[in-house]
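**Q** after the sequence you'll find the predicted model.
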Amino acid sequence: MEPVKITDNVFWVGAVDYDIRDFHGYLTPKGSTYNAYLVVDDVVTLIDTVRHGFEDELLSRISKVIDPAKIDQVISNHAEMDHSGSLPGIMRAIGADKPVYASAMGVKNLHGQFPGAALNLKDVAKETPRTGKYTFQFLDTKMIHWPDSMFTFLPERGILFSQDGFGLHYASVDRFDDQVPAELLRRLAVNYFANILTPYTAQIGKVLETVKSSGLLEKIRIICPDHGVVWRAEPSKIVNLYGRLVSQKPERKAVVVFDTMWHSTEYMARELTDLLGSRGVETVYLSLKHCHRSEVATEAYEAAAVLVGTPTINNQMFPSIADLLCYLKSLKMKNKIGASFGSYGWSGEGAKLVQAELAAMGWKLPSPEVRVQWVPQEPSLEPLKALGKTVADEIDKIVTAS
Ligand code: FEO
C-alpha cells in the first residue's frame, strides 16, 4: 500500500474502505476512506488513525515513508472509532509510551473507549506537542460533531487537518478534489453534511465565523479531512458550501416520501408529486421500498417542504415511516414545511401520528393531515389536491422570505 504525498513532508497514509455501506445507520453507497496523515519533520507526527481492522493498511503506507517506530507522537483530532479504533494497536507498533495529543474531552473519551490500553494521553491545552521546523495550532471545534472534536493547523504549509469537517464518504484511488467531478463532490458533501452535521449547524457557523475573523481562512492552502478527498485545488469551495449549508436556506424543492401497503398511499404520493411539479416546484418522489432513510435526509436538506405518506397498520403508522421520522427528528432540520397524508381501511391513525411527529420537529404544518379511506378516487382526492396547493403556496412564501 502506497502513501500519497500531499506536499513536502506531509503524506496521506490512511485506509480505503470500498465495502462499507452502513455507516452507523447512514447509507454509504460509494464506501469511505479513513484518512490519516504523516508529518515528517525533526519530530514525526501521525495525525489521526483508522478504523479497527485497517491497521495493517495504515502501517503499510507509513512504512513506505518512514519506519513506524520513528513516529514520535500522535495527534488525535477526533475520538470516534473510525479514527481511533486502531489507536491501541498502532501505539503498540510505534511505541506504547509515545504521547497521544487530543483536546481535553478527547483525552477523556479515549480513556473511556480504551480503558485497558494505558495510552499516554496529553491535553493539547496543557502540553504542546513537540515541533521541529513545523508547528501546530489547535482550534476547538467542539460538537463538530463530537465533544472532543478539534482542528489542527500547520501554518508553515497552510494545511488544515479538519477531522470530520469538510469530509465526504467516497472510496476511490483519487485523493484530491481536482481528480473528481465537482458535481459529484458537491452531492457527496451535501449527503455527508445532511446526515452527520445537521444537528450542529449553529456550532459550525460559529467556527466558520472564527476561521474568517481570525484571518485563518486566508492562510489555508489545503484542507485535509478525515474522510474523502483532500481539498487542494479550491479549499474555499467546500468552506463556502458549508457557509450555505449552515444557513439551512430552503430551495424551491419538495420531497414526497411514503410507504404503501396496497398502492393507495402510493397513488396519493404520485398525485402530490404531479401537483407540486406543475407548480414549478422541484419535486423528489421517494418510496421507502426503494430508498434509504439517509437518502431522504439528503434530499430533504435543501428542500422547503417534506410531505410524508403512510398507511395505517394496527392503529400505527407504517414501521418504515416511524424509522424515517425518528431519524429525521434526530437531525433537527430547520426551516421546513411539513405535511402528512395516507390511505387507510377502518381506523386511520397513521397520518395523524405522522402529523404529530412533524409538529414535534418544529416544522410548519399549513394543513391538517389528509386521509383517504380505501382506494383514492374522485372526489375523495379533492382534500389531497387542496393540500398540494397549500404546500406549494407555502413554499412560494418561505423561499421568497429567505
Ligand atoms: Fe468520521 Fe465522527 O467520525
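**A** Perfect, thanks for sending it. Residues are numbered from 1 along each chain as shown.
**Q** how does this protein divide up, domain by domain?
**A** As given by automatic domain parsing, the domain ranges for the chain are 4-246, 254-401.
**Q** which one of those domains lies closest to the ligand?
**A** domain 4-246 (3.5 Å; C-beta to the nearest ligand atom). All C-beta spots, glycine's among them, are computed from the backbone N, C-alpha and C.
**Q** quick one: average pLDDT of the closest one?
**A** For domain 4-246, the mean pLDDT works out to 97.
**Q** how about that domain and the ligand, touching?
**A** Yes: with C-beta under 6 Å from any ligand atom as the measure, domain 4-246 is seen reaching the ligand through 78, 80, 82-83, 145-146, 164, 226-227.
**Q** how distant is that domain from the center of its chain?
**A** Centroid displacement of domain 4-246 relative to its chain, using C-alpha atoms, centre = their mean, to the nearest Å, is 15 Å.
**Q** count the neighbours of residue 55 for me.
**A** By the criterion of other C-beta atoms under 10 Å, residue 55 has 20 neighbours.
**Q** residue 379 now?
**A** Other residues close to residue 379 by other C-beta under 10 Å number 7.
**Q** got it, and residue 5?
**A** Using other C-beta under 10 Å: residue 5 sits among 12 other residues.
**Q** ok so it is a helix residue?
**A** No: counting by DSSP: H, G, I helix; E, B strand; the rest coil, one finds residue 5 to be strand, located in no helix.
**Q** so what's it up against?
**A** 11-12 (C-beta atoms under 8 Å, 6 or more residues apart in numbering).
**Q** buried residues, stretch 132-151. List them.
**A** Residues of stretch 132-151 classed as buried: 134, 136, 138-146, 148-151 (neighbour count, 16 or more other C-beta atoms under 10 Å).
**Q** typo on my end, stretch 321-329
**A** So, applying 16+ other C-beta under 10 Å, buried residues of stretch 321-329: 321-322, 324-325, 327-328.
**Q** adding distance to the ligand, secondary structure and pLDDT as columns, could you present the residues you listed in JSON lines?
**A** Below are those laid out as JSON lines (distance: C-beta to the nearest ligand atom, whole Å; DSSP: H, G, I helix; E, B strand; the rest coil; pLDDT from 0 to 100):
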{"residue": "321", "distance to the ligand": "28", "secondary structure": "helix", "pLDDT": "98"}
{"residue": "322", "distance to the ligand": "26", "secondary structure": "helix", "pLDDT": "98"}
{"residue": "324", "distance to the ligand": "22", "secondary structure": "helix", "pLDDT": "98"}
{"residue": "325", "distance to the ligand": "24", "secondary structure": "helix", "pLDDT": "98"}
{"residue": "327", "distance to the ligand": "17", "secondary structure": "helix", "pLDDT": "98"}
{"residue": "328", "distance to the ligand": "20", "secondary structure": "helix", "pLDDT": "98"}
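**Q** need those in a markdown table (columns: distance to residue 339).
**A** As requested, the buried residues of stretch 321-329 are exported to a markdown table (distance: C-beta to C-beta, whole Å):
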| residue | distance to residue 339 |
| --- | --- |
| 321 | 13 |
| 322 | 17 |
| 324 | 14 |
| 325 | 13 |
| 327 | 18 |
| 328 | 14 |
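**Q** which of these sits closest to residue 15?
**A** Nearest to residue 15 among the buried residues of stretch 321-329, counting by C-beta to C-beta, is residue 327 at 27.4 Å.
**Q** so that closest one makes contact with residue 297?
**A** Yes: contact criterion C-beta atoms under 8 Å: residue 327 and residue 297 qualify, at 6.7 Å.
**Q** quick one on the thing from earlier: closest to residue 176 out of the residues of domain 4-246 next to the ligand?
**A** residue 227 (14.0 Å).
**Q** the closest one belongs to a strand?
**A** No: Residue 227 is assigned coil when assessed by three-state DSSP, not a strand.
**Q** tell me how many other residues crowd it.
**A** Residue 227: 26 neighbours (other C-beta under 10 Å).
**Q** and the nearest residue to it once chain neighbours are set aside, helix, strand or coil?
**A** Excluding the flanking residues, the one nearest residue 227 by C-beta to C-beta, 6 or more residues apart in numbering is residue 167, at 3.6 Å. Three-state assignment for residue 167 (three-state DSSP): coil.
**Q** burial count for residue 167?
**A** 25.
**Q** residue 280 against residue 395, yeah?
**A** No: using C-beta under 8 Å, residue 280 is not in contact with residue 395; the gap is 9.5 Å.
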